[in-house]
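In: let me see the structure of the following:
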Amino acid sequence: MTSSEIRTTFLDFFASKGHAIVPSAPLVIKDDPTLMFTNAGMNPFKDVFIGARPAQHPRIADTQKCLRVSGKHNDLEEVGIDTYHHTLFEMLGNWSFGDYFKQEAIDWAWELLTEVYGLNPEQLYVTVFGGDAGDGLAADEEARGMWLKHVAADRILNGSKKDNFWEMGETGPCGPCSEIHIDLRPASERAAQPGADLVNADHPQVIEIWNLVFMQFQRKADGSLVPLPAQHVDTGMGFERLVRAIEGKSSNYDTDVFKPYLDTLTALSGHVYGQTERIDIAFRVIADHIRAVAFAIADGQLPASGGAGYVIRRILRRAVRYGYSDLGFREPFMTHLVPVMQEAMGEAFPELHQQGALVAQVIAEEESAFLRTLESGLKRLDVAMAEAKDGVVSGARAFELYDTFGFPLDLTALICRENGLSVDEAGFGEEMAQQKARSRAASAQKVGDWVELAQGQSDRFIGYTVFGATCAVLRHREVETPKGRLVQVVLEGTPFYPEGGGQVGDQGFLTFGEERIAVVNTTKETGVILHHLAAAPSTWTTTVLAEIDVQRRRASAENHSATHLMHHALREVLGTHVEQRGSLVHPGGLRFDFSHFQKISPEEWTAIEAKVRALIAEALPLQVHENMSVEAAKAMGAMALFGEKYGDSVRVIQFGPSIELCGGTHVENTQQLGTFILLNESSVAAGVRRVEALAGEAAMTYLLEQRQAYAEVLAEAKNPDAAAVIRDLRSELSELQKKVDELNRAQAGNLKGELLESAVHVGPYTVIAAKVALDAASAKDLVFQLKDAHPASVIALAMEADGKAQLHLGVGQEALAHVNAGQWVRELGSFIQGGGGGQAFYASAGGKNPAGIPDLLKAFHEKIAACVA
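Out: Coordinates of the predicted model:
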């Protein structure tokens, strides 16, 4: 049975048990501030478990893409070192929302594993919750009794709260769980020692494959447990581990899940998996990481310098670094694994085919950029080694190499050992701990329990046409964040639009009796609309008057409608390959990211603006198509947002030829936009461009400001033809620059004679070393004049300008046998707290410490003396 067949068999089995089969949710989390990525199979159903929305089906099964890179679940730096941890993994799951409970979950799990997949029952062990005195919970004897139908008593083990009591977080739904473990050791080892001794003991061949969670409690903020109104089942089985067990392999990487990637890497690199541990680790890292990176990009998360994008960039760079240092790659190679992934997983995950071109392009560009960064990192490591005191590179320098250039500690330590140095690993650990502490502090928040006031629908938005309403207060809670305390309030039927679909959340006021309190933001968390208040009312009332900031909403709606029109214009002008990759709509303007592989030309820019303005002038009315099926919406040409997950029914917004799936707010007629202005365009990632634009009130404000600025220019120029004044000023500036250049050359000419007079002869060399007052170009030109005219010369010119230092080294032809400027400049640059490079005959360095110039020149003379000693 192949891995694809194993996946299909799981879904077919639970379909036969009355489960609805649903597609995997995107890897990127949109409406849960506690998570960046889906890291467990239950994440897409979290809002169902907490009661924020009803389940679409009482029984569901799926295979969910998950990503774990930190925390208790995984450490990125360990992935690939062993043979069973991963960043990206599939979680096969079956779910019951208030339907069946323990008996069916246990019976079906045993039936599937032993009768359908054919696993040997003698190799299976199960664990049950053994109770916890602190929570006042007894052992789960109910589950034990159910397992006894299938498993001998000595194969049913009690587990601790840590291993067998599952919790969503510090608060929320939770309950006991039953884990199924398999002993994959050879028969001789199983006979020598019972597998029961090795369950949950981190043995690489005795592993958990399935966890059956029985959600029966709610954990409150004070730590207490209360029963849930309905009991649920949440199971998760690691797909990669299951395939390993069925195929009888000793490592996940030996299965057909990973073999295609390993085979391709062999073809690309010439190395063979399974012969050398160092090469094997590199193969495993790359085979694992390509899956994480490709899925993240396909689901809408592009590599970036912060947030979730930085996590993806880190994963990609770790793989590239292993390919560079261990497999010898000097050109992009990860991008060649994208077709392999499409072939292996594209049937189960069609987004790999739909977004394949973008995924390959982004990965190729990121690889190229990081390969250049690696070269820079090696130069920075040279500087760090030159700065080493007592033969030890500081932990701070080693951490800088890790954090900025992607150099893990073991690589830095290896290169240092090759140069007779060591690394302060304790100092590195301290730097790492401080960074993690800063990261935790920046995102830490303490969430209080909900104070329930009433029951009702917590996700109902009525604000498309209603801007103020009297609403029931359902519940409220306090949240402590690094920025201070907030109060979150949930209403039934709110006019406040929650942040989503690129549009910012509404602001406004809630009036409790006579007390009016500002709403500073509106968001959505696992389906629940949250109104963020800067302070709590003195008295909580059962109803409030909810009023949005109408002018702010109107401005956001104008820019949102303009975004739709612009998207249509971009596709008409640039081509139908243009697809949205992200957006931000706010009262002050709009930002739109889209797929395109080159800069927009001036002609295209003009055409895009013209098309949007033409659509505005047509006075196209807003047409809203509610509760359409996704298939019907796409059939009418509706564009879907990149990386969004849609339900069974969707809302479609249409302005004439512009048709998009959208839940945001819009103008009633395009004529309300007034005008449209493109402000700028840039690149944000490989194959992704960004435009910023204005419409409606924001555009009119901008035009008025521009008119005022232009009036000030005319007044200052004292000439109605401001362009002519600017041309004249540029001409004058050019002439002045020519005169400055002439003066610099004259100064350098005078300085040349002075330097030759001050030159000293050391052995066969003519040595010139001085601090000079020249610009960089003149200093470089002077170095070349001196070395070319005097073949035995070695020159060091240092300068100070704007609080920074520069060094220029030159070596005459006859001195090249003993002096290499490119090597010397790295060591000498450390005196000015900088670095540089170049060739043997000329090199330069820049630094931030001009005070180090005297020591630099002294060290230069000492190196010359050492050459002739």
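In: what's the closest non-adjacent residue to Gln457?
Out: Excluding the flanking residues, the one nearest Gln457 by CB to CB, 6 or more residues apart in numbering is Glu492, at 5.7 Å. Glycine gets a C-beta too; all of them are placed from N, C-alpha and C.
In: typed the wrong thing, it's Ala569
Out: Lys611 (3.9 Å).
In: any idea how far the one you found is from Tyr261?
Out: 44 Å (CB to CB, to the nearest Å).
In: buried ones in stretch 772-788?
Out: Judged by neighbour count using 16 or more other CB atoms under 10 Å, the buried positions of stretch 772-788 are 772, 774-775, 778-783, 786-787.
In: likewise stretch 371-387?
Out: Those would be 371, 373-374, 377, 380-385, 387, for stretch 371-387 by 16+ other CB under 10 Å.
In: run the chain-centre distance for the helix or strand that Lys738 is a member of.
Out: Lys738 is located in helix 722-758, with elements delineated by DSSP states H and E. Put simply, helix 722-758 sits 48 Å off its chain's centre (CA atoms, centre = their mean, to the nearest Å).
In: before we move on, what about stretch 104-116?
Out: The mean C-alpha position of stretch 104-116 is separated from the chain mean by 38 Å, CA atoms, centre = their mean.
In: now it: mean pLDDT?
Out: On average, the pLDDT along stretch 104-116 is 97.
In: got it, and stretch 595-612?
Out: According to the model, stretch 595-612 has a mean pLDDT of 94.
In: just the CA trace of that stretch, in PDB.
Out: The C-alpha trace of stretch 595-612 is given here as PDB (Å, rounded to 0.1, in the frame of the first residue of the first chain):
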ATOM      1  CA  SER A 595       1.500  38.100  -8.700                       C
ATOM      2  CA  HIS A 596       3.600  39.700 -11.500                       C
ATOM      3  CA  PHE A 597       7.300  39.200 -12.400                       C
ATOM      4  CA  GLN A 598       8.400  42.700 -13.400                       C
ATOM      5  CA  LYS A 599       8.100  46.300 -12.600                       C
ATOM      6  CA  ILE A 600       5.000  48.100 -13.900                       C
ATOM      7  CA  SER A 601       6.000  50.400 -16.800                       C
ATOM      8  CA  PRO A 602       4.900  54.000 -17.000                       C
ATOM      9  CA  GLU A 603       2.600  53.200 -19.800                       C
ATOM     10  CA  GLU A 604       1.000  50.400 -17.800                       C
ATOM     11  CA  TRP A 605       0.700  52.600 -14.800                       C
ATOM     12  CA  THR A 606      -1.200  55.200 -16.800                       C
ATOM     13  CA  ALA A 607      -3.500  52.500 -18.400                       C
ATOM     14  CA  ILE A 608      -4.300  51.000 -15.000                       C
ATOM     15  CA  GLU A 609      -5.300  54.400 -13.500                       C
ATOM     16  CA  ALA A 610      -7.300  55.200 -16.600                       C
ATOM     17  CA  LYS A 611      -9.300  52.000 -16.500                       C
ATOM     18  CA  VAL A 612     -10.100  52.400 -12.800                       C
END
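In: ok, and for that stretch, which residues are buried?
Out: Buried-residue list, stretch 595-612, by 16+ other CB under 10 Å: 595-596, 600, 604, 607-609, 611-612.
In: greatest separation within those residues: which pair is it?
Out: Maximum pairwise distance among those (CB to CB): 20.2 Å, between Ser595 and Glu609.
In: of the buried residues of stretch 371-387, just say which sits nearest to Tyr402.
Out: Closest to Tyr402, out of all of these and judged by CB to CB, is Gly377, at 9.6 Å.
In: tabulate the buried residues of stretch 772-788 (JSON lines), appending pLDDT.
Out: Shown next, in JSON lines, are the buried residues of stretch 772-788 (pLDDT from 0 to 100):
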{"residue": "Val772", "pLDDT": "90"}
{"residue": "Leu774", "pLDDT": "85"}
{"residue": "Asp775", "pLDDT": "84"}
{"residue": "Ser778", "pLDDT": "86"}
{"residue": "Ala779", "pLDDT": "89"}
{"residue": "Lys780", "pLDDT": "91"}
{"residue": "Asp781", "pLDDT": "88"}
{"residue": "Leu782", "pLDDT": "90"}
{"residue": "Val783", "pLDDT": "93"}
{"residue": "Leu786", "pLDDT": "92"}
{"residue": "Lys787", "pLDDT": "92"}
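In: which of the residues you listed fall in helices?
Out: Here DSSP state H is the test, and these give 778-783, 786-787 as lying in helices.
In: quickly name whichever of the residues you listed is closest to Asp288.
Out: Lys780 (46.9 Å).
In: from Val691, how far off is that closest one?
Out: Counting by CB to CB, the gap from Lys780 to Val691 is 40 Å.
In: do the same with Val490
Out: 36 Å.
In: can you pull out the low-pLDDT segments for the stretch 651-800 of the chain?
Out: 743-749 (pLDDT under 70).
In: at 90 instead, please
Out: 684-688, 707, 709-754, 756-758, 773-779, 781, 789 (pLDDT under 90).
In: what is the nearest of the ones in helices among the buried residues of stretch 772-788 to Arg185?
Out: Lys780 (67.3 Å).
In: list the residues that contact the closest one.
Out: Lys780 makes contacts with 808, 842, 844, as judged by CB atoms under 8 Å, 6 or more residues apart in numbering.
In: run the last query once more with 7 Å
Out: Applying CB atoms under 7 Å, 6 or more residues apart in numbering, we find Lys780 in contact with 808, 844.
In: likewise Arg689?
Out: 594, 596, 600, 681, 683.
In: one more time with 8 Å, if that's ok
Out: 593-596, 599-600, 681-683.
In: export those as CSV, with columns for distance to Glu514 and secondary structure.
Out: Below are those laid out as CSV (distance: CB to CB, whole Å; DSSP: H, G, I helix; E, B strand; the rest coil):
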residue, distance to Glu514, secondary structure
Asp593, 46, strand
Phe594, 49, strand
Ser595, 53, strand
His596, 54, coil
Lys599, 57, coil
Ile600, 54, coil
Glu681, 50, strand
Ser682, 50, strand
Ser683, 53, strand
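In: isn't Ala215 up against Val233?
Out: Residue 215: Met, not Ala. Yes - the criterion here is CB atoms under 8 Å, and Met215 meets it with Val233 at 7.3 Å.
In: possible to save the buried residues of stretch 595-612 as CSV with distance to Ser394?
Out: Shown next, in CSV, are the buried residues of stretch 595-612 (distance: CB to CB, whole Å):
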residue, distance to Ser394
Ser595, 44
His596, 44
Ile600, 46
Glu604, 51
Ala607, 56
Ile608, 52
Glu609, 54
Lys611, 57
Val612, 55
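In: looking at those residues, which is nearest Ile832?
Out: Ile600 (42.0 Å).
In: can you tell me the closest non-neighbouring residue to that closest one?
Out: Glu681 is the one closest to Ile600 (CB to CB, 6+ apart), at 5.1 Å.
In: that neighbour: neighbour count?
Out: 17 (other CB atoms under 10 Å).
In: show me what contacts it?
Out: Per CB under 8 Å, 6+ apart, neighbours of Glu681: 599-600, 605, 689-692.
In: let's see it at 10 Å
Out: Taking CB atoms under 10 Å, 6 or more residues apart in numbering, we find Glu681 in contact with 592, 596, 599-600, 604-605, 608, 689-693.
In: bridging residues for it?
Out: Glu681 forms beta bridges with Val691, as assigned by DSSP bridges.
In: tell me how many other residues crowd Glu515.
Out: 14.
In: from Arg516, how far out is the residue nearest to it when sequence neighbours are not counted?
Out: In this structure, Glu515 finds its nearest non-sequential neighbour in Pro537, 5.0 Å apart by CB to CB, 6+ apart. Distance of Pro537 to Arg516, given as CB to CB: 9 Å.
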